[in-house]
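In: One predicted model, sequence on top.
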Amino acid sequence: MDRIRKLNGSAWRWLIGVFVIATMCAAGSLRAQMMPPGFDEAMQPEFTQATARLLAAELQLTASQISAVHELQAAYDQSFKAGIREIQARLRDRAAPSNERDTPQLQRQREELQQQIAALMEEARRLQDASAEGEDTADAANEIRQRTRELTDRMKALSAVASSPAQVKAMFDAATLEIEKWWVERGRLAEQFVIGLKSVLGEAQITAWPALERRLMRERTLGQGVLAGESVDLFALIRELELDLEADSTAQTLLTEYGQKLDLALRARNYFAISVQAAISLATQEKSPEIARPSLRRQIELRTSVRDLNEQYATILGASLPEAAGTEFRLLYRQRGFSTIYRSSHTQRIFRVALERAGDDVKLREAVGAMETAFRSELEPLQEQIRLSMLVHEPQDLLHKSEARLSGDSGALEPVEHDLTTLNRRRGELDRRYLQQLSAIIPPEWAAEFRGVAQPTTEP
């Protein structure tokens, strides 16, 4: 089926965070890279117009219920935006010009850039709603992201006048405090929305609400994963493959179990990430990873729990499906969760181009096809070895990188040597070996052309 490209959650959170960061840069107060942990997540609303439409479809709301839900969503959106504006205003009020070089002219230029970023944010909100309707918004979203990055870079260039360490620390502390208070208010607004929603639902709709609430949690926060496989939504894979499992009681039972366990794991992961912000902020300021090491370890454990649930249920659910559907499901899971391993390589791309160029030359086509088959027979088991090694080593590598970042030494970070490193070298050697073999059987002019064949970044 055609796969609709949408504005994904991480892109949306990035755009949301940029606007508030731009406000602080406009005040000449704080560099973007000094934002406290959890800042961008806090800026993401829990309920949007897209949520209201999903509720209407999944709960089969009546016309009067749809009207009531849209009113609830509009009130929530208004309160959420007001809260963000208050944060901006308080942080802006705390900001003081860095020195006499922060002239009124520079301030005006920053304000103009901030207005342009605000306009892009409104366009991003519209795109998010359009994406939920099934429109192809990927290209427009990428353009907004690029334009926003350019404007923010210009903003930071204008704010490059050095601030004193005391000024930076004061603004960092203020931003951290504002986010801690906002998390509480953000939760209150969400609870108020749910209470209002339940007041207009019928008995059957209230019964269906917990499963839909879990779906909303998945779609809103699952994409915040950082480990390979952590952000995969098995329900979304089922929908993408258009698998009809309504009559499959085994699959339905497994999906229900998965949804319930994943919801608990996500809530634990998300709540802990909020609760340890103060420790991580302190460690960032003090450049002392020891302060936050227990919190970092626990965070990674909770992330690993989410990833392991995906691994477990991708395996048992795939085994429960008919053979063809199960194979397709497991492959899609690997492509989505471990894209760096399973995306098309430069070598695979060249094999495809060589087959196309061979045209009616049957002997050459057979030779290239046989070589590609041999390549895949070696590649596929190696990919699985790399994936299994990544499951073991990636959490520890993440802890290593996080500690280095907190200590301020990430620029001089030395990679940790383990079997994943060795396996990735073997993958590179496999590509080189087959490229050499392919070059020996194709016309020399083709080999020269193929050196410029680009490696795709996603699975076609």
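Out: Sure, I can see it.

In: In the chain, where is pLDDT below threshold?
Out: 1-38, 94-103, 125, 128-138, 155-168, 278, 283-287, 408-416, 447-449, 451-460 (pLDDT under 70).

In: domain ranges for it?
Out: If you go by automatic domain parsing, the domain ranges for the chain are 1-201, 204-332, 338-450.

In: Now those domains in JSON lines, please, with extra columns for mean neighbour count.
Out: C-betas here are computed from N, CA, C, even on glycine. Converted to JSON lines, the domains of the chain look like this (neighbours: other Cβ atoms under 10 Å):
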{"stretch": "domain 1-201", "mean neighbour count": "17"}
{"stretch": "domain 204-332", "mean neighbour count": "17"}
{"stretch": "domain 338-450", "mean neighbour count": "15"}
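
In: Summarise which helices and strands the helix or strand where I300 lies is packed against.
Out: Element membership of I300, judged by DSSP states H and E, is helix 289-320. Other helices and strands packing on helix 289-320, by 3 or more Cβ pairs under 8 Å, 6 or more residues apart in numbering; DSSP states H and E, are helix 234-240, helix 249-275, helix 277-286, helix 323-337, helix 362-407.

In: Of these, give the one that comes closest to A204.
Out: When those are compared by Cβ to Cβ, helix 249-275 sits nearest A204, at 17.4 Å.

In: Show me how far that closest one is from its chain's centre.
Out: Remark: helix 249-275 is offset 18 Å from the chain centroid, using Cα atoms, centre = their mean, to the nearest Å.

In: Check stretch 397-405 too.
Out: Remark: stretch 397-405 is offset 19 Å from the chain centroid, using Cα atoms, centre = their mean.

In: and what of stretch 319-336?
Out: Put simply, stretch 319-336 sits 23 Å off its chain's centre (Cα atoms, centre = their mean).

In: In this model V232 seems to touch N310, though I could be wrong.
Out: Yes. Using Cβ atoms under 8 Å, N310 is in contact with V232, at 5.0 Å.

In: Please enumerate the shared neighbours of these two.
Out: Counting by Cβ atoms under 8 Å, 6 or more residues apart in numbering, the contacts common to N310 and V232 are Y333, G337.

In: so L245 is in which element?
Out: Per DSSP H and E, there is no helix or strand for L245.

In: That one: what's it in contact with?
Out: I238, A251, Q252, L255.

In: Would you check how far apart the second one and N310 are?
Out: Here the criterion is Cβ to Cβ, to the nearest Å. By it, A251 lies 16 Å from N310.

In: Nearest spatial neighbour of I441, chain-adjacent residues omitted?
Out: A367 (5.4 Å; Cβ to Cβ, 6 or more residues apart in numbering).
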